[in-house]
Each structure stands twice: as C-alpha cells, then as structure tokens.
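**Student:** Fold the following.
(2 chains)
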2 protein chains.
Amino acid sequence: MQYSIGIDIGGTNSVMGIVDKKGVILFEACIPTKDFPDINDFIEAAFIKLSPEINRLGIMHFKGIGIGAPNGNYYNGSIEFAPNLIWKGIIPLAKLFNEKFKLESFVTNDANAAAIGEMMYGAAKGMNDFIMVTLGTGVGSGFVANGKMIYGHDGFAGELGHTIAVRDGRICGCGRKGCLETYTSATGIVRTAHEFLENRTEESLLRHVTVLSSKDIYEAAVQQDKLALDIFDFTGKILGQSLADAVAITSPEAIILFGGLAQAGPYIFEPTKKYLEDNLLIIYKNKIKLLPSELKESDVAILGAAALVWN
Amino acid sequence: MQYSIGIDIGGTNSVMGIVDKKGVILFEACIPTKDFPDINDFIEAAFIKLSPEINRLGIMHFKGIGIGAPNGNYYNGSIEFAPNLIWKGIIPLAKLFNEKFKLESFVTNDANAAAIGEMMYGAAKGMNDFIMVTLGTGVGSGFVANGKMIYGHDGFAGELGHTIAVRDGRICGCGRKGCLETYTSATGIVRTAHEFLENRTEESLLRHVTVLSSKDIYEAAVQQDKLALDIFDFTGKILGQSLADAVAITSPEAIILFGGLAQAGPYIFEPTKKYLEDNLLIIYKNKIKLLPSELKESDVAILGAAALVWN
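**Tutor:** Numbering: from 1, shown residues only, chains lettered A, B, ... in the order given. Next up, the predicted model:
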C-alpha cells in the first residue's frame, strides 16, 4: 500500500493526516498555526506529530506530501503574501517540507486541493471537466479541464470569487468592487441580510438576532421565514448568473458546491440551479449538473491536499 | 515532409489549403459555400479542388484534415445547428470528409482553430496558457490551459462572446441580454456609435456617414475624431472588464486579439489594456500580455484549421 500526507493550513488551525490511495484517512492531527510565528517551528511541530506514524508504516511507502494553503502556488511550491496567515511574504513551503520530511512536497490553494479531492474521491470521480466552488468565509474555486487542474501561467488560476458579479457593487477585501465573494460567501449572505433588513419593513425571525450569522439565515429559512428565503433567492441569483458565465468559458460536466453555505442544501441549491439555467446560453441548457460535494466536510481538507500527491 | 489540409467553412465562402508542418501554405482554393445546399455536393467540390494536389504530393504524406466551422464540435466532428450555414441540423462533417478523402478529419469552431493556429505558428508559440479572442462580426474565443485546447465536456467551451458584459444590457442574437459580443464585435461597436451619435450633440465625422461600419469608426479615430475615440474607449472598457474576469478563471500568460476590430491597432489595444489592468485582481496585475495575432488575416483560417491535425 502507498500513502500520502495531506496538510491543510488555515489561519487559525492546520490539520494533517496520513491517507491511503483509496482515500482512507489512517491518522489525523491538528496544530494551532498561530502558535508558530516561525515557519520552521511549524514544520518541526508537524514533523513531531507525523513522524512516529511515518516510521511505523515505513517511509518507503510514502509517495509525498500535499499541502493546501491560502495563496498556495503549485508551480513554485510557495505561499505568497497570504493575508490571513501569520507568515508574511513568500514562504517556500514545499522546499521546507521536502527538506524536513525527505518527501516530495506539493502546494496549492485550498479550493484547488478540494477540487482534486473531489475528482479522486468525491462527486467528480471520473469527470474530466468540472468546476469546484467553495462557499466559505470567502468564495474559492478550482477549474478542471481535460482531466487536469487549471493552475494557469502563474499558478493562480481559479479565482471565481473575484470575478465581478455586480459591476460597481459591494466593496471587496481585495480592494475592488462587486466581487462574487462579497455576495455568495458566508459573510456575503450576512451582508445581504443586513441590507434586506434595512431596506424592507416586514417582520422576520432575523430581526430578533443580535449578531447575524449565515447559520441564523439558514435556520430562519428552514422555518419558512420569507425574508430569509428571499435572501437565499438573491444569493442564488447572483451565484447562478456568475456560474452561467463560467460555464460559457469551460463548458463543464458539473459544478460542485462545497463549504458552509453549500450546507444550506436546497435553500441555496434550488435558486442557484434556477438562475443558472435561466442565464445559460442555449447550447448549455439542461446539461450542467449542480452537485453537492460528496466528501465529509471534516475530511475534505486532508483528502484534497493528500490527493495532490497522486495528481 | 508531412502535410495537412485546412478548411475554413464560412456562411458565404469556404477556403481550403494544403499546409506543411512549418505552416507554409502550398496550395489554396476557395468555393462558395452557399452554392451547395447538399453537404455531399460541397464535399465533392472540395475533393475536386484538392485531389490533384494531394495526388501530386502523395496521399501517404498527408496526416489528416482539419476543419474550422461555426458551431463545430471537436468531440463528435459535427456542425450542430449553425445559424449562418446553409446546412441545417446536425452535419457529421468529420465522418463525411473522412469517407470521401480517406484521411482522418477533425472539426472545431473557428475561434478554437484560430487559437490552435496561433499556438503552432503565431503569437502563442510555446505558450501553455493563453486566451484567443476573435473580434469579428461576432466575438469568439478559444482558451488553452496546460498546453491543451479547452473543449469542455460537450465540445462547446470558449464562448466568451456570450458571457454577460452588461447585466440586462443590449439584446443579443442568442436571445439573452448584455453579451460581450453585443459591445465588442464589429457590429457591437457600430451599435455603440449609433448610441453615442443619438445621445450626444457634438460634431463628428461619423455624422456624415450614411451607413456606418466599424471601418468608418476606425478611420474617424485616426483623424482624432473625439466621438470615435470615445467609442473605442468605451469598447475597450467593456472588453477590458470582461477579460479581467476571464483572467481570474484561467490566469493566462497572454490574451491574443484577432479579427476585424483588432486591426484597429492602438485604438482598441490601448483602452483595452488600460481597463484590463484597472480591473485585474492584484495578483494578476502587470503580468498578462495583450498581443495582436501574428498570423496574416488571410492565412489564419487555413493555418488554424490545418493545425488541428497536428494538435
């Protein structure tokens, strides 16, 4: 049996695991990213967690290390200017892991890792052309065409969250206006809720929540709260419109939605599907599958990163 | 030496040629598409034009036939419901050519053929990731990632001309509103000119033209006509904005502009470049080359189609 190591680096915590080629996670660990302002200390901590297991299984059975990280660049194996990480500037992550573990190491961003995980073990198994969209705190994406991840010339392809959904729309953290992410992320839907609550007068369960979260909107929608349902409809409309444009570029077999907002199930899938179809060019109509991820939320980070090694 | 045959099928005329692997066109011919309402008669006419040359060079030196055609589908070798062609429904073009010529035959749409031509012989030589945009009567595009044409799941990828540039904007021939093509094609820029002439009062050379064409707008711009320059600025703005979104998806090394409107040179390239840069996410800024095609307008159709065979 061959194994790979999957590491998902987040701003707060990093999870890591040992995965076999079938996608079974044999071992899992977590370390608090923020506790290690020096990247070398972080790698040392990961090594201490993982090396007993690597030694137990035999290092010759290990194919490599895959790392999903914000602003991860596949081509040079670096993290570059990641705003949410404690490490600033350019961090040659693959090189550092390779030196410490003596295993070939690969880096990509979290959404690309999720796409590869989905292609190897999840809803995109056997697909050559699909789009993975992660609806989390931000909106990430990974595009696969001809069976291969599109990294682009510089390794930074797949920023669907920063295509412009509404020209001159909401201010985005990237410094521009109207990015998809400002509408269809977990934080985007909360911005929509605040706008709707401000601009409309009807009663809503959401008026009684002190600090609104996307979960509150979901729970109100489950109670058939009209305002909450309208918020999801609006969000699905913006997402469906943007996905229709993305379809016109890569003509995928499927679009897979993943992340916090995707867990709202029919409340987000139904309007998204409706507006996607409404906005598709006729040659694409009724062809594109809109699917939920088939990977467990808790596993996808590790599986996706580990799958980088086989891909 | 090995040869391929390139055929570009247009609504009015079809051009065809014999091309060597270096991109030298050895023989060229043209037949009027409209004179052949039966596709079999069209293929017979092409055979009569080409077979003496094929026999002269020796059929064993021929690698195949590449065909660029509106609505051409690479996967099944068909033309499907092309509105501007005399042949209706689904035409199994590759199969018919293959049977007649006894040569392996490939079909794709004209913009994809142009992209492949540019990759083999033109401005995209050696590039693995680029976007080809044809600004003609319509707006076509071909996306190349990882060195391969993106055909998508169903063979219809690359319809940048039908991404929405302006939500609820101009009516498009496709039945939707605001498609890029309605603004940045040769016909789109004429629509802009009519709007500007209607909504503004200033004097312009364009007020003295009876039937406006994109060429008139170009010629007025060359004369430094303010209105004509503003029309190009507006067109470049819409194009630059849409290209910035496309960059966020495939992160290309270059975008290559081709076709009638691209021949306006700096009048279209300068505003497009400016608004592209203005609208790019920071990680892409000052990285993306905006280039003119390096193929002769008269050669590209044949070269692009012929290149399909080697690709």
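**Student:** gap between stretch A:247-261 and the chain center?
**Tutor:** In this view, stretch A:247-261 has its centroid 12 Å away from the chain centroid, taken as Cα atoms, centre = their mean, to the nearest Å.
**Student:** Between its first and last residues, how far does it reach?
**Tutor:** Start and end residues of stretch A:247-261 are separated by 21 Å (Cα to Cα, to the nearest Å).
**Student:** average pLDDT across it?
**Tutor:** Average pLDDT, stretch A:247-261: 96.
**Student:** Any part of that stretch near chain B?
**Tutor:** Yes - counting by Cβ under 8 Å from any Cβ of the partner chain, chain B has neighbours in stretch A:247-261: A:248-253. Quick note: C-beta positions are derived from backbone N, CA and C, even for glycine.
**Student:** In stretch A:116-126, which of the residues would be classed as buried?
**Tutor:** Using 16 or more other Cβ atoms under 10 Å in any protein chain shown as the test for burial, stretch A:116-126 gives A:116-124.
**Student:** Can you redo these as a markdown table, where the extra columns are secondary structure, pLDDT and distance to residue A:165?
**Tutor:** Converted to a markdown table, these look like this (DSSP: H, G, I helix; E, B strand; the rest coil; pLDDT from 0 to 100; distance: Cβ to Cβ, whole Å):
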| residue | secondary structure | pLDDT | distance to residue A:165 |
| --- | --- | --- | --- |
| A:116 | helix | 93 | 26 |
| A:117 | helix | 92 | 26 |
| A:118 | helix | 94 | 23 |
| A:119 | helix | 94 | 26 |
| A:120 | helix | 92 | 30 |
| A:121 | helix | 91 | 30 |
| A:122 | coil | 93 | 26 |
| A:123 | coil | 95 | 24 |
| A:124 | coil | 96 | 24 |
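**Student:** mind listing the strands for the stretch 51-200 of chain A?
**Tutor:** Ranges of strands within the stretch 51-200 of chain A are A:62-68, A:72-73, A:78-80, A:90-91, A:105-108, A:130-135, A:139-145, A:148-149, based on DSSP state E, counting those that start in this stretch.
**Student:** Need these in JSON lines (columns: distance to residue B:182, mean neighbour count and mean pLDDT).
**Tutor:** Shown next, in JSON lines, are the strands of the stretch 51-200 of chain A (distance: least, Cβ to Cβ, whole Å; neighbours: other Cβ atoms under 10 Å in any protein chain shown; pLDDT from 0 to 100):
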{"stretch": "strand A:62-68", "distance to residue B:182": "40", "mean neighbour count": "25", "mean pLDDT": "96"}
{"stretch": "strand A:72-73", "distance to residue B:182": "37", "mean neighbour count": "25", "mean pLDDT": "92"}
{"stretch": "strand A:78-80", "distance to residue B:182": "38", "mean neighbour count": "21", "mean pLDDT": "91"}
{"stretch": "strand A:90-91", "distance to residue B:182": "42", "mean neighbour count": "18", "mean pLDDT": "94"}
{"stretch": "strand A:105-108", "distance to residue B:182": "37", "mean neighbour count": "27", "mean pLDDT": "95"}
{"stretch": "strand A:130-135", "distance to residue B:182": "25", "mean neighbour count": "29", "mean pLDDT": "96"}
{"stretch": "strand A:139-145", "distance to residue B:182": "26", "mean neighbour count": "28", "mean pLDDT": "96"}
{"stretch": "strand A:148-149", "distance to residue B:182": "33", "mean neighbour count": "20", "mean pLDDT": "96"}
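**Student:** Between those, which one is closest to residue A:167.
**Tutor:** strand A:139-145 (17.3 Å; Cβ to Cβ).
**Student:** That closest one packs against which elements?
**Tutor:** With contacts defined as 3 or more Cβ pairs under 8 Å, 6 or more residues apart in numbering or on different chains; DSSP states H and E, the packing partners of strand A:139-145 are helix A:110-121, strand A:130-135, helix A:226-250, helix B:226-250.
**Student:** Okay, now the unreliable bits of the stretch 201-311 of chain A?
**Tutor:** Within the stretch 201-311 of chain A, no stretch has pLDDT under 70.
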